[in-house]
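Visitor: the sequence isn't on hand, but the structure is:
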């Protein structure tokens, strides 16, 4: 098994659901004709495989050329949308599981079981399937389902007792037998008719690990009980698709896309055109995902920027249902600016009105596309930021309105949203965060991110201010439901992440203070002793972080600056 990066991908699920109900045409009608669905038990894949030639490469609106990719190549994976035996076809039940908050990627989100393809999957025999790649991915799906939920979908498994199934599972998870060897030994076999293809989704490019995941609809055998076996999940349950989709819509559950897309498709029931509805969005055919709605009314649109590694993208947020604001239109690249403008135009076409562009802070990887978007919207849309951010952007960006700590941004809609501005300096002096109290959504800018680490770089960065900003976030717990950072995916385990950030900084500070007390006085020397977990190429940046800690310790009167670049412990401190 592997970290659940592979089963978590994103789409504009509510728009996609509306499109399926209006009968949108599919990118590959010929392929769909080969994937006829028979309601209830008799699923059929009929050697369905996506041919990339049927799905033209995405082009950018600005250049009409293929979009440039700076992301890592995705690895093969499979996930299973498990349907309960005997479920009501009008409102089918599926098994979803909540990812443990300990997980670094989308902890706290609900998802489907799945995982990365093993080399042995290519050796598994799958009946009624002539395509080698499809056979391997069906094997991957079946194996992961067995490992994570204890459900074995294989012909012949119906004769096994619970004890025998447990023995098989132990043979597999202990590594004593590979999956194809286990099937052969117990005279079991997979049949493609038990695995209905439901799309291939590729992880968005902002992720450091990417997967090309095949989704399969699978009926749970009547005599087998699904239960969470993987430490990657902290709970799981059967739930009707309508109930699950409603929990997301009501901000009661975080749902990892495209699980959300699957749930919303299933709210239409199990029908003859079910596969067609699953495949009616381009994202189900490996097309890049740009518009990501982690929670209702909060759209994340990652854009490529010259940011600090490991990040390659900055998150722009479009917030609001009827009127909306655009937070951090970040990219300097024309093709990315055009893509964001296209997303804004799409929202306008849906009946939403852009009200304002807002900046969390002044760094280039957050403001690079501000003027381009303002011009695209006619040049009159106001830009708002903290006064200190406006000061840093003087002569670069015209800021029309200052936002102060405690200011409220009320956005009309159903439901309406009210963002409370929080002045949270530390990363920069003018850094702003935004908290929506009713939904618990907290936009953290660059103070907490879903990918990489936060650099506190004096004199603009201040470690004492930064720790106070983190304490501000902690004071909002337990009401915070999700953190939306400036880079990387959403964070569905806010308490764990905030506590981790605070503990990490305090641990670094304690080690730095101990080093100074031991006579290690310069940032470079401290990095060599304290930051042993960092590669040498990162030491220059680490020295800036050490300097921020040294300045805080000086302000706390625990150390003194003895000479240029050297510090000693204060006597008696």
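Guide: Okay, I see it. Computed from a prediction, not measured in an experiment: that's the story for all the values here.
Visitor: show me the contacts for the closest residue to residue 311 other than its chain neighbours.
Guide: Once flanking residues are discounted, residue 311 sits nearest to residue 487: 4.1 Å by CB to CB, 6 or more residues apart in numbering. (Each C-beta comes from the backbone N, C-alpha and C, glycine too.) Neighbour list for residue 487: 206, 307, 311, 313-315, 446, 449-452 [criterion: CB atoms under 8 Å, 6 or more residues apart in numbering].
Visitor: what is the nearest of those to residue 524?
Guide: residue 452 (22.7 Å; CB to CB).
Visitor: residue 313 is in contact with that closest one, correct?
Guide: No: between residue 452 and residue 313 there is no contact, the gap being 10.9 Å when judged by CB atoms under 8 Å.
Visitor: okay if I get the contacts of residue 487 as a markdown table plus secondary structure, distance to residue 177 and pLDDT?
Guide: Below are the contacts of residue 487 laid out as a markdown table (DSSP: H, G, I helix; E, B strand; the rest coil; distance: CB to CB, whole Å; pLDDT from 0 to 100):
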| residue | secondary structure | distance to residue 177 | pLDDT |
| --- | --- | --- | --- |
| 206 | coil | 38 | 78 |
| 307 | coil | 46 | 92 |
| 311 | coil | 41 | 90 |
| 313 | strand | 42 | 94 |
| 314 | strand | 46 | 97 |
| 315 | strand | 44 | 98 |
| 446 | coil | 48 | 98 |
| 449 | coil | 42 | 96 |
| 450 | coil | 38 | 92 |
| 451 | coil | 37 | 89 |
| 452 | coil | 40 | 89 |
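Visitor: list only buried entries from those residues.
Guide: Using 16 or more other CB atoms under 10 Å as the burial test, the contacts of residue 487 include 206, 307, 311, 313-315, 446, 449-452 as buried.
Visitor: between these, which is nearest residue 436?
Guide: Taking CB to CB as the measure, residue 315 is the one of the buried ones among the contacts of residue 487 closest to residue 436, at 16.1 Å.
Visitor: thinking again about what came up before, from residue 182, how far out is the residue nearest to residue 311?
Guide: 42 Å (CB to CB, to the nearest Å).
Visitor: quick revisit: A strand includes the residue nearest to residue 311, no?
Guide: No: counting by DSSP: H, G, I helix; E, B strand; the rest coil, residue 487 is located in no strand; its state is coil.
Visitor: for it, what are phi and psi?
Guide: When read as degrees, to the nearest 10, the backbone of residue 487 gives phi -140, psi 140.
Visitor: again, but for residue 247
Guide: phi -60, psi -40.
Visitor: in contact with it, which residues?
Guide: 253, 255 are the contacts of residue 247 under CB under 8 Å, 6+ apart.
Visitor: pLDDT score for residue 11?
Guide: Note for residue 11: predicted pLDDT of 35.
Visitor: same question for residue 257.
Guide: 79.
Visitor: could you look up the SS state of it?
Guide: Recorded secondary structure, residue 257: coil (three-state DSSP).
Visitor: test my guess that it contacts residue 299.
Guide: No: judged on CB under 8 Å, residue 257 makes no contact with residue 299 at a distance of 11.9 Å.
Visitor: shared neighbours, the two?
Guide: Common neighbours of residue 257 and residue 299 (CB under 8 Å, 6+ apart) are 292-293.
Visitor: have a look at these two and say which one is more surrounded.
Guide: Set residue 257 next to residue 299 and count neighbours by other CB atoms under 10 Å: residue 257 wins out with 26 against 22.
Visitor: and the gap between the more buried one and residue 209?
Guide: Taking CB to CB, one finds residue 257 at 17 Å from residue 209.
Visitor: now the strands for the stretch 1-150 of the chain?
Guide: Remark: strands assigned in the stretch 1-150 of the chain by DSSP state E, counting those that start in this stretch are 75-83, 93-99, 110-111, 114-116, 126-127.
Visitor: excluding covalently adjacent residues, which one is nearest to residue 431?
Guide: Looking at residue 431 with CB to CB, 6+ apart, the closest residue is residue 361, at 4.5 Å.
Visitor: and residue 249, by the same measure?
Guide: Using CB to CB, 6+ apart, the nearest residue to residue 249 is residue 296, at 5.8 Å.
Visitor: list the contacts for the one you found?
Guide: 14, 248-249, 251, 321, 439.
Visitor: burial measure for the residue nearest to residue 431, as a count.
Guide: With other CB under 10 Å as criterion, residue 361 counts 27.
Visitor: distance of the residue nearest to residue 249 from residue 342?
Guide: Residue 296 is 22 Å from residue 342, by CB to CB.
Visitor: ok, back up a step: make CSV from the buried ones among the contacts of residue 487 and add distance to residue 234 to it.
Guide: Below are the buried ones among the contacts of residue 487 laid out as CSV (distance: CB to CB, whole Å):
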residue, distance to residue 234
206, 25
307, 32
311, 28
313, 29
314, 31
315, 26
446, 29
449, 24
450, 19
451, 23
452, 26
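Visitor: care to break the chain down by domain?
Guide: 4-15+71-284, 292-449+484-491, 508-569 (automatic domain parsing).
Visitor: and the residue nearest to residue 405 when sequence neighbours are not counted, what's its pLDDT?
Guide: Nearest non-adjacent residue to residue 405, counting by CB to CB, 6+ apart: residue 423, 3.7 Å away. If you check residue 423, the pLDDT there is 99.
Visitor: bridging residues for residue 423?
Guide: Taking DSSP bridges as the rule, residue 423 bridges to residue 432.
Visitor: right, and it touches residue 402 too?
Guide: No: between residue 423 and residue 402 there is no contact under CB under 8 Å: 10.9 Å.
Visitor: anything in contact with each of the two?
Guide: Common neighbours of residue 423 and residue 402 (CB under 8 Å, 6+ apart) are residue 386.
Visitor: of those two, give the one with the bigger neighbour count.
Guide: residue 423 (20 against 14).
Visitor: show me the contacts for residue 138.
Guide: 45, 78, 124, 126, 129, 190, 192, 195, 216.
Visitor: so residue 410: helix, strand or coil?
Guide: Residue 410 is classified as strand under three-state DSSP.
Visitor: state the distance from the one residue sitting closest to the centre of the chain to residue 109.
Guide: With distances taken as CA atoms, centre = their mean, residue 489 lies nearest the centre of the chain, 3.4 Å away. Note on residue 489: its distance to residue 109, by CB to CB, is 9 Å.
Visitor: where exactly do the strands run in the stretch 201-350 of the chain?
Guide: So, for the stretch 201-350 of the chain - with DSSP E, counting those that start in this stretch - the strands run 211-219, 233-240, 292-295, 298-304, 313-319, 323-327.
Visitor: with distance to residue 86 added, can I get the ones you listed in TSV?
Guide: Listed next are the strands of the stretch 201-350 of the chain as TSV, based on distance: least, CB to CB, whole Å:
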stretch	distance to residue 86
strand 211-219	9
strand 233-240	11
strand 292-295	33
strand 298-304	37
strand 313-319	42
strand 323-327	43
